[in-house]
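> quick one: sequence plus predicted model below, questions after.
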Amino acid sequence: MTTAAERLEEVKADIRKAEAGYGRKEGAVTLIAVSKTFEAEDIRPVLEAGQRVFGENRVQEAMKKWPGLREDFRNIELHLIGPLQSNKAKEAVATFDVIHTVDRPKIAKALKEEMEKQGRELPCFIQVNTGEEPQKAGIAPAQVDAFVRECREEVGLNVIGLMCIPPFDEAPGEHFALLEKIAARNGLEQLSMGMSSDYETAVGFGATHVRVGSAIFGSRDYT
Ligand SMILES: *Cc1c(COP(=O)(O)O)cnc(C)c1O
């Protein structure tokens, strides 16, 4: 049995190898360790191993786990990678440092309002539904340009990039390539894409942030 700290080192080494192999700059890719469903006690060894960037997909869950961990470890950067309801914007802005899942004007406006109230400007990614799956969150590819413009110019959000979750039964490469293309034409430099099963591929397609959970923490128990 390997430990989470050991698996963290393996994932980091894989990312550095992929950066070199695909001609990316060393350190171009930020690893977001996705700790959803895991307890603070499971996360602690990964913090002790030096990891500081984490992802959570539920606001409530993050609010329970992270204030205590932030007391014990400095410079934690917490990313919201799950769907957000506008009535949770206040808690989300207070709990997280980066939001990956802006996908509706209502959410964009609610986030902006809270950021102003709290005096915290959080960088945001816009989630794109590259597979145009009806059950999945995200803006349809054809609507992204207009939504990016709205978020930046009308709402005043600090939009830094795009995020996607490819359909689980399709080769991810074409989705990563599509996200990169949409980002480039909108002048967006950050790409949040790639999970445990495909983060090395994502590095090849220009990911700047990979979101890796089970390859570090082990398989999740939702019961
Ligand atoms: C859970 C989750 C991940 C991590 O998934 P793994 O397959 O465990 O690496 C990445 N991104 C999002 C949006 C997630 O919800």
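Done, it's in.

> only C-alpha atoms for contact and neighbour calcs from this point on.
OK.

> give me the number of neighbouring residues for Gln85.
By other CA atoms under 10 Å, the residues close to Gln85 number 12.

> with Glu113 instead?
Residues contacting Glu113 under the criterion other CA under 10 Å number 18.

> can you give me the buried ones in the strand or helix carrying it?
Assigned by DSSP states H and E, Glu113 belongs to helix 105-118. Neighbour-count burial for helix 105-118 flags 107-115 (criterion: 16 or more other CA atoms under 10 Å).

> how far off centre is stretch 85-101?
For stretch 85-101, the separation from the chain centroid amounts to 13 Å (computed by CA atoms, centre = their mean, to the nearest Å).

> which residues touch that stretch?
The contact list for stretch 85-101 (CA atoms under 8 Å, 6 or more residues apart in numbering) reads 59, 62-63, 66, 77-84, 106-107, 110-111, 114-115, 118, 120, 122-127, 138, 162-163, 192.

> extract the CA atoms of it and return them as CSV.
What follows is stretch 85-101, C-alpha atoms only, in CSV (Å, rounded to 0.1, in the frame of the first residue of the first chain):
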residue,chain,number,x,y,z
GLN,A,85,-25.8,28.0,-6.3
SER,A,86,-26.1,31.8,-6.1
ASN,A,87,-27.4,31.5,-2.5
LYS,A,88,-24.0,30.1,-1.6
ALA,A,89,-22.0,32.8,-3.1
LYS,A,90,-21.3,34.5,0.2
GLU,A,91,-19.9,31.3,1.7
ALA,A,92,-18.0,30.4,-1.5
VAL,A,93,-16.2,33.8,-1.6
ALA,A,94,-15.3,33.6,2.1
THR,A,95,-14.0,30.0,1.8
PHE,A,96,-12.3,29.7,-1.6
ASP,A,97,-9.5,31.5,-3.3
VAL,A,98,-10.3,30.6,-6.9
ILE,A,99,-13.6,29.6,-8.6
HIS,A,100,-13.6,27.2,-11.6
THR,A,101,-17.3,26.9,-12.2
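
> hmm, it touching the ligand?
No: if you take CA under 6 Å from any ligand atom as the test, stretch 85-101 misses the ligand, and the best it gets is 8.3 Å.

> which of the residues in that stretch are buried?
By neighbour count on 16+ other CA under 10 Å, the buried set for stretch 85-101 is 89-90, 92-101.

> list the contacts of the helix holding Glu113.
For helix 105-118, the external contacting residues (CA under 8 Å, 6+ apart) are 84-86, 89-90, 93-94, 102, 121-122, 147, 150-151, 155-157.

> among those residues, which are in strands?
Val102 (DSSP state E).

> which of the contacts of helix 105-118 lies closest to Lys181?
Phe147 (15.7 Å; CA to CA).
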